[in-house]
Every structure is written in C-alpha cells, then in structure tokens.
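Chemist: predicted model, plus sequence, below.
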Amino acid sequence: MNKFIIIGGGIVGLSVGKTLLEKYPNAKITLLEKESELASHQTGNNSGVIHSGIYYTPGSYKAEFAKAGSKSMREFCLQNNVKHDICGKVIVATSEAELPNLQALYKRGLDNGLPVTLLEEAELKEKEPHVNAIKGIHVPTAGIVDYKDVSLKLGELIVQKGGEIHLNQEVKTIHEHDDGVVVDTNETTFHGDCLINCAGLQSDRIAKMAGYEIDMKIFPFRGEYFYLKEDKHHLVNNLIYPVPNPDFPFLGVHFTRMMNGNVDVGPNAVPGFKREAYNKLSFNMKDFFEIITYPGFWKMGMANYKEGMEEVVRSFSKKLFVKNAQQLIPEIRENDLIVAPAGVRAQALKKDGSLVDDFFIINGKNSVHVCNAPSPAATAALEIGKEIVENIVKVKENVSV
Ligand SMILES: Cc1cc2nc3c(=O)[nH]c(=O)nc-3n(C[C@H](O)[C@H](O)[C@H](O)COP(=O)(O)OP(=O)(O)OC[C@H]3O[C@@H](n4cnc5c(N)ncnc54)[C@H](O)[C@@H]3O)c2cc1C
C-alpha cells in the first residue's frame, strides 16, 4: 500500500499529509480540496488561539491532544518560522456566582497537568488592567498563531516531500473496494489504497459517500466576531476569557489579541441552517432540510431552547452582544466594535440530541474518517495527524511503503 488520498485542505488534512510523508517517505500522497485555497473554512476562520487543554475532561482525546498539541504546534512554528506568541491567558470570574465553576476549572487544569495559577483581583489587574473580575486563572501555556500560516507551511512541506495538493477538486463520489478506493471529483478520478476523510463541515457526508452510516450529523454553529477599534486596543493585553458554561462545548465570548494586531471580540455560537454560512441570512435548502428532518436537532433544540434563542437574539442585536462583552470589560462601548468575518464550527450531533464532546475518528475498511474535530483541533492538529497515521497502521496491517 502506498497511495493515500486525503480529503480536506484544512489543518487536520494537511497535518495527516505531513505525518504520512514523515513516516512513509516513499508514499504517494494526494490531497483533494474543493476550494481554490487551503484553509478556507474552519482553519482560516477561527480565533487563532493555541489552547492549553485546561477545559477538557482529563483522559479525553481533547485534553491529551491539546496539551501535547500546544507543545508540538509551538515547536513546529519555531522550526518553520511561523509567527506565534505564547502570551498566556486569563479566565475570569466576574461575580461570586461564577466562583465554584472557576474553582472547578482550576482543579481541572491541575488534573490535566497544566502550570495554572489562581489570581486575586489585584494580580489580575496587573495582567489585564481593564478587566472587571474578582478572581481568575492564569494559563501561561496558551498562545496565539494564525492557523492559515501554519496550514500554508504544512502544504509547502507536503509538496517539497513529493506530495500532491489538488485545489478546486470537490469529491463527489467514493467507491471503497477490498483493495482500495476510487474517488471521483468534479473534474477527474483518483485511485488510492487508503482514504483519509478530513472534510470538517462535510465529514459526515464524505463518510456516508464511502458507505459508513454513523450515528451523528455535523451541525453548524456560526461564531460571529467584532473587531475592537484600534484606539481601544489598549483595553486588552492578551487573551481574556469568561468562565464557560460547563454544559456547552463553547468557551463564551472572549477577547483575543490576534497575530495580525487586531483584537477580536467573540465568537458567539449561533445554531445555523447552512454548513458553510458566513453571513447571518445565508440559507441552503439541502442543508436546511437535512437539519430539520434529523431527530437529534429537535431533541437538542428542546433541551437547550432558552440558550439557543438567546444566542440567535444576541446575534441580531449588537447592543446585547456589547452588554455581554461589558461583563468582562465595562469600558467597551457599542461604537468601539466593528463587525468582523464569522467562522462556522463543525460540531457532531447525535440522534439523541447530545453533542459529541470529544474528537471522534472511525476506521473503515480502507479508510479513516475524522468525524468530529471541533476546537481545539487546530491546536491539536499535529497530534491528530499522528493518531490518524496510527489508525491507518491498524486499518492496513500490511502498510509497506
Ligand atoms: C469560530 C471558530 C473559532 C475557533 N477557534 C479555535 C481556536 O482558537 N483554537 C483552536 O485550536 N481551534 C479553534 N477552532 C476550531 C478549529 O478551527 C477546527 O477544529 C479546525 O480548523 C478543524 O480543521 P479541519 O481541517 O478538520 O477542518 P476545516 O478547516 O474545515 O477543513 C476541512 C476542509 O475540507 C474541505 N472539503 C469539504 N468537503 C470536501 C469535498 N467534498 N471535497 C474536497 N474538499 C472538501 C473543505 O473545503 C475544507 O477546506 C475554532 C473554530 C471556529 C469555527
């Protein structure tokens, strides 16, 4: 076996390509991406944070891969001259009511083996003078990077090592046979020994094309941002996060200093009716129909009706968004914020209405499918790549390249 076809030119697919070529230098790698550029979806439209791993259940893939991934991402950036900054972050409680969850998060950080410290109000003010908080956690291993830069570098390395990247190739059908896979795109046909599905927002559809019915569907959650106006950048030194709602996989609207010098405020998490919907009102009949006929959508909706509606209303009201942001930095005013481009998260939703919390990868006959790789998958991408290559070894015990 020496021909691998990777679907998806986001950071996960690119990391798989790089890792495969490191392990099997003679392998033939073909990466197919439907857009005209790499990193056009989640990877190129995110917060750019190198997460430390504080939030995730100890022992989960997310916890392990974020911790190891933040280290490997930093090493990759150092080795390849990708600009990044391990600036650290604070997670802050703004009221007494948030203290138990802050304390639980601190304990989780320690359980995950992270060098976190609790900060009192005065210590917090030294790090972030404009923040309104009574207590916080300092996470020194968190940082920032532009994941598009990381992806372009990964792409460069793949091509240097003899791999092929084909842009504008949308995979339309897949036939998996006993001895390999045949993949048809909008333009041509590719033959391989093994397929790796890293299609993000389309990963469940690609798995289905290859003949795998999984008890989950990708549900899109749009994350909307505002930029802080330049004359207000002094309000934020690095990264300021609220205490998250432990019932949801999202971190709450936060302030992020970006590598390009901007300060982003967001993202929220608005349930969407289109998978690649970067505007509030974009709509796609196929996506919409698929969502409303999926029992998991209604079950999730009924269980989280109040939170879902609040997100939708806040999405249409800048006033409410600003009110939320003011909980962390009271000095922010409505005209300090300028609308910025949104991102869309690919979050797997099960038929019973529960969100799949951890990364989720399945092995097929001659294929591996990354079915759930939400945040912190950009941070963890290099570790996910290694895990997938291990899975390929399990799928094809006779890898011989
Ligand atoms: C708003 C937001 C904020 C986030 N913030 C962070 C953060 O700060 N830190 C962090 O670690 N993570 C963050 N994440 C998560 C992170 O961005 C994703 O987990 C990660 O980028 C997933 O990478 P991917 O390669 O799996 O998916 P993607 O980047 O979405 O790539 C999938 C690719 O597959 C291609 N594709 C799909 N279907 C086909 C087809 N039929 N044929 C060919 N190609 C196809 C798509 O065009 C796409 O390029 C955030 C995500 C969002 C949306």
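Modeler: Done, it's in. Residues are numbered from 1 along each chain as shown.

Chemist: any stretches of the chain with poor pLDDT?
Modeler: 1, 395-401 (pLDDT under 70).

Chemist: hmm, try it at 90
Modeler: Residues of the chain that meet the criterion pLDDT under 90 lie in 1-2, 213, 245-253, 271-273, 277, 279-284, 301, 303-315, 390-401.

Chemist: so which bits of it are right by the ligand?
Modeler: 7-13, 32-35, 40-43, 45-49, 51, 170-171, 198-202, 223, 267, 343-345, 373-379 (Cβ under 6 Å from any ligand atom). Heads up, the C-betas are built off the backbone N, CA and C, glycines and all.

Chemist: could you find the closest non-adjacent residue to the closest residue to the ligand within the chain?
Modeler: Taking Cβ to the nearest ligand atom, the ligand has its nearest neighbour within the chain at Gly10, 2.1 Å off. Nearest residue to Gly10 in three dimensions, chain neighbours excluded: Thr43, at 4.1 Å (Cβ to Cβ, 6 or more residues apart in numbering).

Chemist: and the next helix or strand past the lengthiest helix in the chain?
Modeler: When every helix of the chain is counted residue by residue (DSSP state H), the longest turns out to be helix 61-79. Scanning forward in sequence from helix 61-79 by DSSP states H and E, the next helix or strand is strand 84-85.

Chemist: that following strand - contacts with which helices or strands?
Modeler: Counting contacts by 3 or more Cβ pairs under 8 Å, 6 or more residues apart in numbering; DSSP states H and E, strand 84-85 is packed against helix 61-79, strand 143-145.

Chemist: try 7 Å
Modeler: strand 143-145 (3 or more Cβ pairs under 7 Å, 6 or more residues apart in numbering; DSSP states H and E).

Chemist: quick one: contacts for the residue nearest to Gly10?
Modeler: By Cβ atoms under 7 Å, 6 or more residues apart in numbering, the contact set of Thr43 is 10-11, 147-148, 151, 378.

Chemist: using JSON lines, lay out the residues you listed together with secondary structure and neighbour count.
Modeler: Rendered in JSON lines, the data for the contacts of Thr43 read as follows (DSSP: H, G, I helix; E, B strand; the rest coil; neighbours: other Cβ atoms under 10 Å):
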{"residue": "Gly10", "secondary structure": "coil", "neighbour count": "28"}
{"residue": "Ile11", "secondary structure": "helix", "neighbour count": "31"}
{"residue": "Tyr147", "secondary structure": "helix", "neighbour count": "27"}
{"residue": "Lys148", "secondary structure": "helix", "neighbour count": "19"}
{"residue": "Ser151", "secondary structure": "helix", "neighbour count": "26"}
{"residue": "Ala378", "secondary structure": "coil", "neighbour count": "28"}
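
Chemist: so which residues of the stretch 251-400 of the chain form helices?
Modeler: Counting by DSSP state H, counting those that start in this stretch, the segments of the stretch 251-400 of the chain that form helices are 285-292, 295-303, 305-316, 318-326, 381-395.
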